[in-house]
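Q: pasting the sequence and the predicted coordinates here, then a few questions.
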Amino acid sequence: MKRILFVLGLTLCCVAVWAQGVSVETARFQVGDNPAWSNPSFDDSAWPVFTLDKDWNEQGVRNPDNFAWYRLHVVIPAELKEGYSKDVLLDLGPIDDTDETWLNGVMVGKTGSNPGDPEGYNCRWSEPRRYIVDPSLIRWGQENVIAVRVYNAGDPGGFFRGPAWIGKPLLGDYATLSAAREDGKVKAVLETRLKTRGTVTVIKEDVLSGEQLEKNSRKVTLTPQKPYRVSVPMEGRVRVQIVYADDNFEDGLETSVCNPYILTPPAPAAPRYNGPLVFGVRPGSPVIFRLAFSGERPMKFAVEGLPEGVVLDADKGVLSGSCQTVGEYPLVLKATNDKGSAQAAFTLKVGPQIGLTPPMGWNSWNCWGLSVSQEKVMASAAALINRGLADYGYSYINIDDAWEAEERNPDGTISPNEKFPDMKALGDWLHSNGLKLGIYSSPGDRTCGGYLGSLDHEEQDAKTWASWGVDYLKYDWCGYSKVFDPSKDHSTAASMRPYVKMQQYLREQPRDIFYSLCQYGNAKVWEWGAFVDANSWRTTGDIQDNWESMSGIGFSNQLELYPYAGPGHWNDPDMLVVGKVGWSNNLRDSRLTPDEQYTHISLWSLQAANLLIGCPIDQLDDFTFNLLCNNEVNAVNQDILGQQAHEDVNEDGIRIWSRDLYDGGKAVGIFNLNGASVPVQLDGALEKIGLKADTVRDLWRQKDIPTAAQYKVPSHGVLYIKVK
Ligand code: GAL
């Protein structure tokens, strides 16, 4: 849209008027709640002016679990009236967490619901607010008041996207196009709230070569309440794209569906080592390590060079025991089966640092949410072994929120609730198989799910967890917002305090506990996480299984963070959303397309991110196995240099990210963020980042490919390579 034209500025708000509409950059802001604030004639001149591109925390206000109001004042020039005979759009952007919106005193929209509402609290922080209003509500040529009541749980809150926009609605405000795979077909549905006409085009292409297999268009008339349906047969590695172009609107609708396609070649039947090349343990702490060899079972294991006190179970391939003496112990890990044998050079580092490569394992949250139980955890743990994921280095089994009893015991200690009959037995079983146990808590009195937190019981909890055999703690800020009043203390030290406190007690336990901070990246945690002895820190809010969330975290949020990652301390962009997710008992397939899932795993591999699987492993499908168990892709994530990738190129929707590897190679991801596939001349792309090679390794397909060629990178997909 062409922006810029006439009139700029008003005394109160920063307003710009363009040919098609009006943009509002600021508003009056007030913490609290009062129904009178929806009234256009209310005098808000004493309220401070806030910009709409930064949340209220960034403008110096902490206001967790509370209401606040924005009042946007905007003169809508009479000249714009023309062309608005039908509807006007109020585009407010996303609002963290809920909103109710009035235009000149008339309620015009509500998204989410507040605590106390009959339907209960429903947070919708990321959803764009696009309210269609009747033009008769507008005071043309005069000042209009848009009053927005916002509720926010936790921090941060409010507007944050940038200017609000008052203009013409788009086709997308009236029509939706959705598509899904069903019985070997793509079934698409086009629905509108307007009678209109346009063209539907169906394009079928080979997902690997990008070759167009079929294309046909049809003129259609759309009528409200009469969905227009398209059904297209779909076999093999095929992507079907459906495009709708409307005769009356400039924008169109587009969707595509792709059959999941497997790129990772099957593992050989003979043993192959797929695990990390280094493992750190503190002197005297239990060694818990499972040798990650794929290949047919039964398999026999051997290890050369073990220090005194560390022993191998030769049938299971599990190291246990402990070593008192600080040192670097070069080992040779060996495995043999009927089909052959393999070995790997490995270093056991006995010293102060643990977490020398990013943690790999499973966490209950993205699948089970608060419905987690010991039975569900055991099912995933057993499947980690039976389905062979443990042969690729996945070793942590982490219980997230909702394991806690309702009340503390009379002596102040914590117990699990009835869904977890025996934590110690769970820990023992995991350890006997070389796997590790993780737990979740909060420095507040309550967790995000409303369960008991560790406030004032930090030492007791650390001891209890150690007695169950806990090896990993995710410590989630959440309820701590109620305890700590940051409006009185903005210092970084204040944000560090609860984490330092727990760290001290974790260190007192006779075992290594990987310390994972979860405070959504507040107070630039990456700058101080390592100083509170954290092994990783969440850099973002919660991930969701959609492109906006995953790519927003993976590309934007992580941009500047690579200098802070390294052996022992990692940036954590949140857990994986591949396979079945649902945050409840209602599981569904990830809403990321197959290409988006390849992008997700490639990015997390490049970024040396924690690889915590978020789906039930016992329900894993072959496609998801292929994503999680590609040894060459995982080897980049686990590379012992521990260098997180950085972005080299951001041009025309193509992003190139790369990282150095310990063997002198370089891993390079060429990502296509466009809505259509893009041919990439590989040698040309490499030249842009100063690299030259005749052939490179295609990591997903595990084969060498020439660079003097064009490769089609699918929409939202990736070409992930290693340059030797
Ligand atoms: C959130 C956290 C999630 C999950 C959840 C549990 O704060 O970011 O990953 O742990 O709490 O209630």
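A: That came through, no problem. Nothing here was measured: the structure is a model prediction, and the numbers come from that model.

Q: how many neighbours does residue 428 have?
A: 14 (other C-beta atoms under 10 Å). All C-beta spots, glycine's among them, are computed from the backbone N, C-alpha and C.

Q: grab the nearest non-local neighbour of it.
A: Of all residues not flanking residue 428 in the chain, residue 469 sits nearest, at 6.5 Å (C-beta to C-beta, 6 or more residues apart in numbering).

Q: same thing with residue 258?
A: residue 239 (4.1 Å).

Q: burial count for the residue nearest to residue 428?
A: Residue 469: 20 neighbours (other C-beta under 10 Å).

Q: quick check: pLDDT value at it.
A: Per-residue confidence (pLDDT) for residue 469: 98.

Q: I'd say it and residue 435 touch.
A: No: look at residue 469 against residue 435 with C-beta atoms under 8 Å: they stay out of range, at 10.6 Å.

Q: phi and psi next, for residue 605.
A: The phi/psi pair for residue 605 (degrees, to the nearest 10) reads phi -70, psi -50.

Q: next, the contact list for it, please.
A: 611, 633, 634, 636, 637, 667, 720 (C-beta atoms under 8 Å, 6 or more residues apart in numbering).

Q: inside helices: which ones of those residues?
A: Counting by DSSP state H, the contacts of residue 605 place 633, 634, 636, 637 in helices.

Q: tell me the contacts of the first one?
A: Contact partners of residue 633, counting by C-beta under 8 Å, 6+ apart, are 264, 601, 602, 605, 699, 700, 720.

Q: hmm, 10 Å instead?
A: By C-beta atoms under 10 Å, 6 or more residues apart in numbering, the contact set of residue 633 is 263-264, 392, 598, 601-602, 604-606, 626-627, 667, 699-700, 702, 720, 722.

Q: correct me if wrong: residue 119 contacts residue 98.
A: No: between residue 119 and residue 98 there is no contact under C-beta atoms under 10 Å: 11.3 Å.

Q: about what we covered before: pretty sure the residue nearest to residue 428 sits against residue 512.
A: No: using C-beta under 10 Å, residue 469 is not in contact with residue 512, being 11.3 Å away.

Q: okay, and the common contacts of the two?
A: Among the neighbours of residue 469, those also in contact with residue 512 (C-beta under 10 Å, 6+ apart) are 286, 288, 436.

Q: which of these come close to the ligand?
A: Among these, none lies close to the ligand by the criterion of C-beta under 6 Å from any ligand atom.

Q: nearest to the ligand, of these?
A: If you rank these by distance to the ligand using C-beta to the nearest ligand atom, residue 436 comes first, at 18.0 Å.

Q: dump the residue contacts of the closest one.
A: 286, 288-290, 359, 361, 395-398, 427, 430, 469-472, 511-514.

Q: keep only those of those residues that are in helices.
A: Using DSSP H, the members of those that fall in helices are 427, 430.

Q: residue 564 and residue 537 touch, don't they?
A: Yes: if you go by C-beta under 10 Å, residue 564 and residue 537 touch, sitting 8.7 Å apart.

Q: intersection of neighbour lists for those two?
A: 525, 526, 528, 529, 530, 570, 571.

Q: which one of those is nearest to the ligand?
A: Closest to the ligand out of the shared contacts of residue 564 and residue 537 is residue 525 (13.0 Å), distances taken as C-beta to the nearest ligand atom.

Q: so for residue 564 and residue 537, which sits in the more crowded spot?
A: Shown here are residue 564 and residue 537; by other C-beta under 10 Å, residue 537 has more neighbours (29 against 19).

Q: nearest spatial neighbour of residue 263, skipping sequence neighbours?
A: residue 700 (4.1 Å).

Q: again but with residue 634, I slipped
A: Residue 634 sits nearest to residue 392 (C-beta to C-beta, 6+ apart), 6.0 Å away.

Q: check residue 59 too.
A: residue 50 (5.3 Å).

Q: got the residues of this protein near the ligand?
A: Within reach of the ligand by C-beta under 6 Å from any ligand atom, the chain has these residues: 365, 400, 401, 440, 447, 448, 449, 476, 478, 518, 542.

Q: please repeat the previous calculation with a cut-off of 8 Å.
A: 363, 365, 369-370, 400-402, 440, 447-449, 451, 474, 476-478, 518, 520, 538, 541-542, 574-575 (C-beta under 8 Å from any ligand atom).

Q: sorry, back to before: would you list the buried entries among the contacts of residue 633?
A: Neighbour-count burial (16 or more other C-beta atoms under 10 Å) applied to these gives 263-264, 392, 598, 601-602, 604-606, 626-627, 667, 699-700, 720, 722.

Q: quick one: which of those residues sit in strands?
A: 667, 720, 722 (DSSP state E).

Q: does the last one have beta-bridge partners, and which?
A: Residues found in beta-bridge contact with residue 722 (criterion: DSSP bridges) are residue 667, residue 697.

Q: list the residues that contact it.
A: Going by C-beta under 10 Å, 6+ apart, residue 722 touches 632-633, 635-636, 661, 663, 665-668, 693, 696-699, 704.

Q: report the beta-bridge partners for residue 452.
A: residue 446.

Q: quick check, it in contact with residue 464.
A: No: the criterion here is C-beta under 10 Å, and residue 452 misses it with residue 464 at 11.7 Å.

Q: nearest residue to the residue most central in space within the chain in space, please, no chain neighbours.
A: With distances taken as C-alpha atoms, centre = their mean, residue 543 lies nearest the centre of the chain, 3.1 Å away. In this structure, residue 543 finds its nearest non-sequential neighbour in residue 574, 3.9 Å apart by C-beta to C-beta, 6+ apart.

Q: name the single longest helix found in the protein.
A: Max-length helix for the chain by DSSP H is helix 492-507.

Q: so for it, what gets flagged as buried?
A: 495, 496, 498, 499, 502, 503, 505, 506.

Q: any idea how far it is from the chain center?
A: Between the centre of helix 492-507 and the centre of its host chain there is 25 Å, according to C-alpha atoms, centre = their mean, to the nearest Å.

Q: just checking, what packs against that helix?
A: helix 458-468, strand 470-476, helix 480-483, strand 514-518, helix 525-528 (3 or more C-beta pairs under 10 Å, 6 or more residues apart in numbering; DSSP states H and E).

Q: which one of those has the lowest average pLDDT?
A: helix 480-483 (a mean of 84).

Q: list the contacts of it.
A: Contacts to helix 480-483, defined as C-beta under 10 Å, 6+ apart, come from residues 62, 64-65, 153-155, 442-446, 453-456, 495, 497-499, 519, 522.

Q: which residue, other than its chain neighbours, is closest to residue 281?
A: Once flanking residues are discounted, residue 281 sits nearest to residue 287: 5.2 Å by C-beta to C-beta, 6+ apart.

Q: and the one you found, what does it touch?
A: Residue 287 neighbours (C-beta under 10 Å, 6+ apart): 279, 281, 306-307, 309-311, 318-323, 348, 350, 434, 512.

Q: of those, buried ones?
A: Neighbour-count burial (16+ other C-beta under 10 Å) is assigned, among the contacts of residue 287, to 279, 281, 306-307, 310, 318-320, 322-323, 348, 350, 434, 512.

Q: from those residues, which land in strands?
A: Those of the buried ones among the contacts of residue 287 lying in strands (DSSP E): 279, 281, 310, 318, 319, 320, 348, 350.

Q: for the residue lying closest to the first one once chain neighbours are set aside, give the beta-bridge partners.
A: Nearest-residue entry for residue 279: residue 289, 5.3 Å, with adjacent residues in sequence omitted and distances by C-beta to C-beta, 6+ apart. Following DSSP bridges, residue 289 is listed with bridge partners residue 319.

Q: surely residue 289 touches residue 354?
A: No: applying C-beta under 10 Å as the test, residue 289 and residue 354 come out as separate, 11.6 Å apart.

Q: thanks a lot, catch you later.
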